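Enquirer: Show me how the following folds:
(one chain, ligands or ions: 2)
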Amino acid sequence: MEEKKWKAIKKLPKIDLHLHLDGSVKPGTVLDLAKTQGLILPGNTIDKIRPLLQIDENCNSLKEYLSKFDLVSRVLQTSEAIERVAFELVEQAYSTNCKYIEVRFGPQLHREKGLTVEEVIFSVIKGLKKGERKFGVGANAIACCLRHHAINQNIEVIQASAQFIDGGLAGVDLAGDEASFPAFLFRRIFKFADKKRIPITIHAGEAAGSENIKEAVQHLGATRIGHGVRLREDLHLLDYLSKNKIPLEMCPISNIQTKACSGWDDYPIREYFDLGLMVTVNTDNLTVSNTNLNKEYAMVMEKFNFTFKEIYQLVINSIDAAFISIEEKQLLKKQCKVEYDLISTGEEEVVI
Ligand SMILES: O=c1[nH]cnc2c1ncn2[C@@H]1O[C@H](CO)[C@@H](O)[C@H]1O
Ligand SMILES: [Zn+2]
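Expert: Numbering: from 1, shown residues only. Ligands and ions are numbered 1, 2, ... in the order given. Sure, this is the predicted structure:
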């Protein structure tokens, strides 16, 4: 990419709405945590541990991608560790000039040493808020139900989440192996979340077809869709999402790695944007996908010829899609506009 454009992308104020905590732990922190916890990992240098946490170009499916979360999970079983990685995630966001993040995690995945669901959520929020204060990056949590977990485990997540709503938790999600567990299996769980008035986003149309997106918006109460790459399989549904401004949290680099489509040439982000869908750009997992928000935006600009003005529209879409109040959105928009005006003429061109 041209140096001038890359500089502009780095300076662009950005938002990340789809970012997993466990998939974004720095390799050095994994080593550090293992050392303090007295755990022996299959590698004791960053060079040895990084490939065990990161997907390579041979990844063939979401299922394979998800296997990269096993190792990191071993060090994320204490309140201190969880709080630390949440704090560091805000710091990582700050380093790419990201102004607001929503961080998702599966509370049930951090209970091997006896933490309660509430304690896990509390630790994540504590770390995020500490980071928010230090780096000036807004940060809220999203609790994930897992597709392979029992109903009562997922109900527990919703129940606990309800206690933290407006106290640092912005919503709930459904994550995990989409190909093996279709969305309709989770109606009861998300009816319950809806009843508790918790905002809902659902991973759908990533490793399975558009029927999961339909189910998510029609029956699970989703007001946002995680990925939604396969929405184009159902044009009627596409029209519905477009008319109702239901945002897609697209994660380009991860979507290519998990084979949500056959490759960059086949990635529908430009098509969706032009059709008026509320497209947003996100990272998914900083470590597993070896990505950051600058890389994601640069990729979109380069591969799909987005002008700088269109790129900024993607940022505005993210603010509109965020699970925050109208006042908070207005504040973020003001903050972003000031920085955007410094790097753009307002036309297609970029000025630095
Ligand atoms: O792209 C994805 N699709 C579906 N599930 C995912 C993705 N990335 C991560 N997770 C799952 O969400 C859990 C909580 O963060 C992770 O442990 C992983 O299993
Ligand atoms: Zn995800």
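
Enquirer: C-alpha from now on. contacts and neighbour counts both.
Expert: Noted.

Enquirer: Spell out the residue ranges of the strands in the stretch 101-250 of the chain.
Expert: For the stretch 101-250 of the chain, the strands defined by DSSP state E, counting those that start in this stretch occupy 138-146, 169-175, 201-204, 224-227, 248-250.

Enquirer: okay if I get the ones you listed as TSV plus mean pLDDT and distance to Leu238?
Expert: Below are the strands of the stretch 101-250 of the chain laid out as TSV (pLDDT from 0 to 100; distance: least, CA to CA, whole Å):
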stretch	mean pLDDT	distance to Leu238
strand 138-146	99	25
strand 169-175	98	21
strand 201-204	98	13
strand 224-227	98	12
strand 248-250	99	11
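
Enquirer: Take the ones you listed and lay them out in TSV including mean neighbour count.
Expert: Putting these into TSV (neighbours: other CA atoms under 10 Å) gives the following:
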stretch	mean neighbour count
strand 138-146	27
strand 169-175	25
strand 201-204	28
strand 224-227	26
strand 248-250	28
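
Enquirer: So Pro107 sits against Ile142, correct?
Expert: No - if you go by CA atoms under 8 Å, Pro107 and Ile142 don't touch, sitting 9.8 Å apart.

Enquirer: Ligand 1 is nearest to which of the strands of the stretch 101-250 of the chain?
Expert: strand 169-175 (4.0 Å; CA to the nearest ligand atom).

Enquirer: pLDDT weak spots in the stretch 1-150 of the chain?
Expert: The model of the stretch 1-150 of the chain has no residue with pLDDT under 70.

Enquirer: need the residues of it near ligand 1, please.
Expert: Contact residues (CA under 6 Å from any ligand atom) of the stretch 1-150 of the chain with ligand 1: 20-22, 66, 69, 104-106.

Enquirer: Quick check: buried residues in the helix or strand encompassing Leu71?
Expert: Using DSSP states H and E, Leu71 falls within helix 70-75. Residues of helix 70-75 classed as buried by neighbour count (16 or more other CA atoms under 10 Å): 71-72, 74-75.

Enquirer: Got phi/psi on Gly136?
Expert: When read as degrees, to the nearest 10, the backbone of Gly136 gives phi 70, psi 20.

Enquirer: Distance-wise, check it relative to Leu275.
Expert: 35 Å (CA to CA, to the nearest Å).
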